[in-house]
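Enquirer: Predicted model, plus sequence, below.
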Amino acid sequence: LINDVGLEIIRHQVKKPLHGLKIANYYGCQIVRPEHVFDDCENPMTMDNLFESLGAENVYFPFKVSCCGGMLMTTTENVALRLSKEILENARENAADCIVTTCPLCQMNLEAYQRRINRVYGTRLSMPILFFTQVMGVALGIDEKRLGISRNFYRCERLETIARSASESHYATTVNA
C-alpha cells in the first residue's frame, strides 16, 4: 500500500485524523519475511509510518515482531498463551489503546484467547485488537459499521469516538504546514 500508493496520497485522503489514538503496531513474525521484501525484519516501520501519517501516536512496542504462538495454539497451547500474554502485557504497559495487526491468525490469537489467558494466568487483559484496515478505514471516513468495529471482542473507545466525529477535510494541509 505504502509502496504502491504512497504516504502523501494516503495522507491527503484522511477525513478523520486519528489524533489521540495510541497504537501498538504488531507486525508479527510472518509479514516481515522474506527480509529483503520488507523494510526491516527486526524493527519494521511501515505500519508505524502509515499510522503516524494518519494522525495516530505509535507507542514504544518492542514486541512488534514477536511470535504470537500462531498455530501452536492447536498443538502446544501453553506456549502460545504465554507468547500472546507477553505481547498483550507489553502493549498495555506502554499505554496502547489498541494493538493493530495485518495477520488474521495473530488477530485471532491475541483477541479471541484473552479470556483464556486471563483464566490461566490470573491477569485482567482487555486489549482491543484491530486489523490495520479497520483503523485506516476510520481515518479515511468509512462508516464504522462497514468496518466491523463493533464486532471486535474488545472495544477501542478512542477509535469509536474518532469514527463518530465529524470529518476534517483540512487535515492533509495542516499536517504539511
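Expert: Cool, the structure landed.
Enquirer: what is the mean pLDDT for the one helix or strand residue 158 maps to?
Expert: Residue 158 belongs to helix 157-164 when assigned by DSSP states H and E. Mean pLDDT, computed over helix 157-164, is 96.
Enquirer: who touches that helix?
Expert: 16-22, 97-98, 128, 130, 135, 138-139, 143-144, 147, 149 (CB atoms under 8 Å, 6 or more residues apart in numbering). All C-beta atoms are positioned from the backbone trio N, CA, C, and that covers glycine.
Enquirer: Buried ones among those?
Expert: Neighbour-count burial (16 or more other CB atoms under 10 Å) is assigned, among those, to 16-18, 21-22, 97-98, 128, 130, 135, 138-139, 144, 147, 149.
Enquirer: follow-up on the earlier one: can I get the CA coordinates of the helix holding residue 158 in PDB?
Expert: Extracted C-alpha coordinates of helix 157-164, given in PDB (Å, rounded to 0.1, in the frame of the first residue of the first chain):
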ATOM      1  CA  GLU A 157     -13.400   3.600  22.700                       C
ATOM      2  CA  ARG A 158     -10.900   6.200  21.400                       C
ATOM      3  CA  LEU A 159     -11.300   4.800  17.900                       C
ATOM      4  CA  GLU A 160     -15.100   4.700  18.200                       C
ATOM      5  CA  THR A 161     -15.100   8.300  19.200                       C
ATOM      6  CA  ILE A 162     -13.000   9.300  16.200                       C
ATOM      7  CA  ALA A 163     -15.200   7.200  13.900                       C
ATOM      8  CA  ARG A 164     -18.300   9.100  15.100                       C
END
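Enquirer: buried ones in the helix of greatest length in the chain?
Expert: Scanning the chain for the longest helix, with DSSP state H as the assignment, gives helix 77-93. For helix 77-93, a neighbour-count test (16+ other CB under 10 Å) marks 80-81, 83-85, 87-92 as buried.
Enquirer: so which helix or strand takes in residue 24?
Expert: Using DSSP H and E, the element containing residue 24 is strand 22-26.
Enquirer: from the chain's centre, how far out does that strand sit?
Expert: Centre-to-centre, strand 22-26 and its host chain are 5 Å apart (CA atoms, centre = their mean, to the nearest Å).
Enquirer: Name the residues that touch the helix or strand just after that strand?
Expert: Using DSSP H and E, the helix or strand that follows strand 22-26 towards the C-terminus is helix 46-53. Helix 46-53 has contacts (CB under 8 Å, 6+ apart) with 1-2, 7, 10-11, 18, 23, 25, 27, 38-39, 58, 100, 102, 132, 135-136, 175.
Enquirer: any idea of the mean pLDDT in helix 46-53?
Expert: Rounded mean pLDDT across helix 46-53 is 96.
Enquirer: how far does it sit from the chain's center?
Expert: That offset, for helix 46-53, works out to 11 Å (CA atoms, centre = their mean).
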